[in-house]
Each structure stands twice: as structure tokens, then as C-alpha cells.
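**Student:** The amino acid sequence is not available; the structure is as follows:
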């Protein structure tokens, strides 16, 4: 109820929320209901087939993802927002992938970690809503709880789920983060976005490890983003050559998507590359000790992988790099590393160069 006691005009409130979202820097905003039955069934089947790999937390909270009102009792609507992070640097990205002595970091991780930034903005949006309607039940989410964010964003009209499982906005492409506010306000909902992939299969065809096993079906166990970020053990040997120089995540399926070619993009200063991560060599990054790694990745999504996985990933990339004195010297410098995981990947890489 608004502070003056009058019943809310939910249609006007929804329009005000969209306007406020724009003021807080979100490029897209929509409102969805909480009915996710088909998406929940799809998720549970995906989990049942083990396609989530070692991400056990997904299985533990599977049902909560498809039932927002169980995650936050009283929820009747979800405000979904999108925040751009991709600049027009596709040519630079391809150039880095082609230069096997350089390190490729997924575009989303080059700058500041988006979680805190988006959460702060969403909370400010929620606070402004409270100024209009008074206290209301809500909770802000930014990849921080069991939420089917892409399905909700699709239902809110932000875009459709592409064959690579990323959300695509026909005007803005796919280079954007998602965040949500679960609310107990019966706001009018937006029309879901319709799909426009057609017969295109470029994302499926280009995947280095063939992780997109069917349209809209990703086998995380083969996905480079999963292997370099989420997976905490040894990377399967048969997949290592295909990883190339990708040391943290992978963007190939987005880089090749036709909808990104002419998409309007917003340059968010917080997401600009830090520490030269868009141009650094593998040998340079492999030389970071743990203290330097922690210092240089402060406020970055990369820090969550930890120094051990960082070295593991770069060792694989160095194994795929040209055989040069610098490459061999870099690998040999970590041959006696305390971590057995790092040592095993270093030996594999040296063997690739005939230097084991």
C-alpha cells in the first residue's frame, strides 16, 4: 500500500519500474509470472542425465528453481533486468583466439565482477519501488540462488533462449547479464519473447568441444566454461587440445551468433578490461604467484576459480601453444609446484612439446 494509503495502480507502477531500471543503468527490464512448469521439467531431465557434471548444488535445489514462490513464499511476479557487458571488440576476441601465445579470457570476466554491481543497482531499484508502494515482500537475486533466470527473462520479454542456451535479444544480442527481483506485487506481466534462431546452427557447429549436443541442450561436462571455471579436478585429456588458449570461459558461440553482429551495445566502464587481460601472454599470467593472482583479481569474477585452477588452465593452454623457448621455460618453472593437479597438467603440456 502506498504511503498515503491509496490502492496502487499496478499498471502505472510497472511503467515506473521500467523507467527506474533505465535510470539505474539496465538496458532492458520486464515482468514475468512464476509459472515455469515446462522449464522445470526440462531442467529435471537435464539433471537426471547428469549433464550438469559436478555442479551438485544444481541438483540439490533443482525444484526450487522452477517454483519461485517456494524459494520466496508470497512471490507472484518476477522483475527481470539485463545489463550489457559486451563491447564491440569481436575482432580483437577472434585475434586473441588465433594467437596461441596469448591468453583468452571470456569477455564477461575481463573487468569488474558483475554480481555486486548488479545487486547494488537492483536493491536501489527495490528501495525506490518501496518509496512508491510502501514496504513490500521482495528479494534481489544475481546468480545467487536457485533461479531459472533465462526462462524468467524470456517470459518477461527480454529475449529468447538460443540454441547455445544463452538469452538473445534481437536488438541487443546476447552480451548481457541477468538479475531479478522476486516480488509479492501483482504487476501486469509482459509478453514472452519469441524465438528467432530459425535454421541457424552456427553456435552448435563452432563449439570447440562439441558441448552443445543438440539445440538448447548443453553438456556441461564438455563445456570449456565449466571445465575452466566450475570443475575443480583434472581436465579430461581428450578435451584439452580443443580448449586452445581459453584459460577462463569461452565465448565462441556468442562471437559467431549473427544476432550479435549488428546488436546495439552499451559500454559499461566497470566491465572494461583490467590488468591487460585482453592482451596478456600465457607466460605472463603463468608467472603470477598466488599473492599476485589475488591482488590482480581483486573485484574480479576470476578470483573464484582460485590460483590452482588458474595455473591448471594456463598449463593446458601452454600445452596448446607454439613450441618456443618461452613456452618451455614457463612450463618448467611450475614443474615442482606443490599442487599435484598443477604438476600433472604441466607434465602433459611439456609432453605435447616433446620436452617431458
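**Tutor:** Looks like it arrived, so ask away. Quick caveat, the model's predicted, so the values are computed rather than measured.
**Student:** residues contacting the closest residue to residue 215 other than its chain neighbours?
**Tutor:** With Cβ to Cβ, 6 or more residues apart in numbering as the measure, residue 163 is the residue that lies nearest to residue 215, at 4.2 Å, once sequence neighbours are left out. Any C-beta I mention is one placed from the backbone N, CA and C, and that applies to glycine too. Applying Cβ atoms under 8 Å, 6 or more residues apart in numbering to residue 163 gives the contacts 197, 200, 201, 203, 204, 212, 215, 216.
**Student:** List the buried residues of the host helix or strand of the fourth one.
**Tutor:** In this structure, residue 203 sits in helix 202-206 according to DSSP states H and E. Along helix 202-206, the positions that meet the burial threshold by neighbour count (16 or more other Cβ atoms under 10 Å) are 202, 203, 204.
**Student:** And the contacts of stretch 348-355?
**Tutor:** If you take Cβ under 8 Å, 6+ apart as the criterion, stretch 348-355 is touched by 237, 240, 315-316, 318-320, 323, 327-328, 331-332, 335, 356.
**Student:** Check the protein for its longest helix and report it.
**Tutor:** Taking DSSP state H as the criterion, the chain has its longest helix at helix 114-133.
**Student:** which regions of the stretch 201-350 of the chain sit below the pLDDT cut-off?
**Tutor:** Within the stretch 201-350 of the chain, not a single segment meets pLDDT under 70.
**Student:** mind listing the helices in the stretch 101-250 of the chain by residue range?
**Tutor:** Secondary structure of the stretch 101-250 of the chain by DSSP state H, counting those that start in this stretch: the helices cover 114-133, 149-155, 202-206, 224-225, 240-243.
**Student:** Would you mind putting these into CSV with distance to residue 281 alongside?
**Tutor:** Shown next, in CSV, are the helices of the stretch 101-250 of the chain (distance: least, Cβ to Cβ, whole Å):
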stretch, distance to residue 281
helix 114-133, 26
helix 149-155, 35
helix 202-206, 25
helix 224-225, 20
helix 240-243, 17
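**Student:** Tell me which of those helices approaches residue 75 most closely.
**Tutor:** With Cβ to Cβ as the measure, helix 149-155 is the member of those nearest residue 75 (11.0 Å).
**Student:** Identify the residues contacting residue 144.
**Tutor:** By Cβ under 8 Å, 6+ apart, the contact set of residue 144 is 115, 119.
**Student:** what packs against the helix holding residue 203?
**Tutor:** helix 252-255 (3 or more Cβ pairs under 8 Å, 6 or more residues apart in numbering; DSSP states H and E).
**Student:** Please list only the buried members of the contacts of residue 163.
**Tutor:** With burial judged by 16+ other Cβ under 10 Å, the buried subset of those is 197, 200, 203, 204, 212.
**Student:** how about those residues in TSV, adding distance to residue 20?
**Tutor:** Listed next are the buried ones among the contacts of residue 163 as TSV, based on distance: Cβ to Cβ, whole Å:
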residue	distance to residue 20
197	32
200	36
203	34
204	38
212	37
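**Student:** doesn't residue 260 fall inside a helix?
**Tutor:** Yes - Residue 260 sits within a helix when classified using DSSP: H, G, I helix; E, B strand; the rest coil.
**Student:** List the residues that contact the closest residue to it other than its chain neighbours.
**Tutor:** The shortest distance from residue 260 to any residue that is not its chain neighbour, by Cβ to Cβ, 6+ apart, is 3.8 Å, and that residue is residue 173. Applying Cβ under 8 Å, 6+ apart, one finds that residue 173 lies in contact with 86, 254, 257, 259, 260, 263, 265.
**Student:** Okay, strands next: where are they in the stretch 101-250 of the chain?
**Tutor:** According to DSSP state E, counting those that start in this stretch, the stretch 101-250 of the chain carries its strands in the segments 104-105, 138-141, 160-161, 167-168, 176-183, 212-214, 217-218, 246-248.
**Student:** So in that sheet, which strands flank the fourth one, and in what orientation?
**Tutor:** I take that to be strand 167-168. The strands beside strand 167-168 in its sheet (DSSP bridges) come out as strand 160-161 (antiparallel).
**Student:** tell me the domain boundaries of this structure?
**Tutor:** Under the assignment named as automatic domain parsing, the residue ranges that make up the domains of the chain are 10-87+107-183, 281-356.
**Student:** which parts of stretch 18-36 are buried?
**Tutor:** By neighbour count on 16+ other Cβ under 10 Å, the buried set for stretch 18-36 is 18, 20-21, 24-34, 36.
**Student:** so how far is residue 160 from residue 336?
**Tutor:** Relative to residue 160, residue 336 is positioned 51 Å away (criterion: Cβ to Cβ, to the nearest Å).
**Student:** ugh, wrong one, residue 139
**Tutor:** From residue 139 over to residue 160 (counting by Cβ to Cβ), the distance is 26 Å.
**Student:** Which pLDDT value goes with the closest residue to residue 61 other than its chain neighbours?
**Tutor:** Leaving aside its chain neighbours, residue 61 sits nearest to residue 146 (3.7 Å; criterion: Cβ to Cβ, 6+ apart). Residue-level confidence at residue 146 comes out at 92, pLDDT.
**Student:** now the domains of the chain in a markdown table, with distance to residue 273?
**Tutor:** Listed next are the domains of the chain as a markdown table, based on distance: least, Cβ to Cβ, whole Å:
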| stretch | distance to residue 273 |
| --- | --- |
| domain 10-87+107-183 | 4 |
| domain 281-356 | 10 |
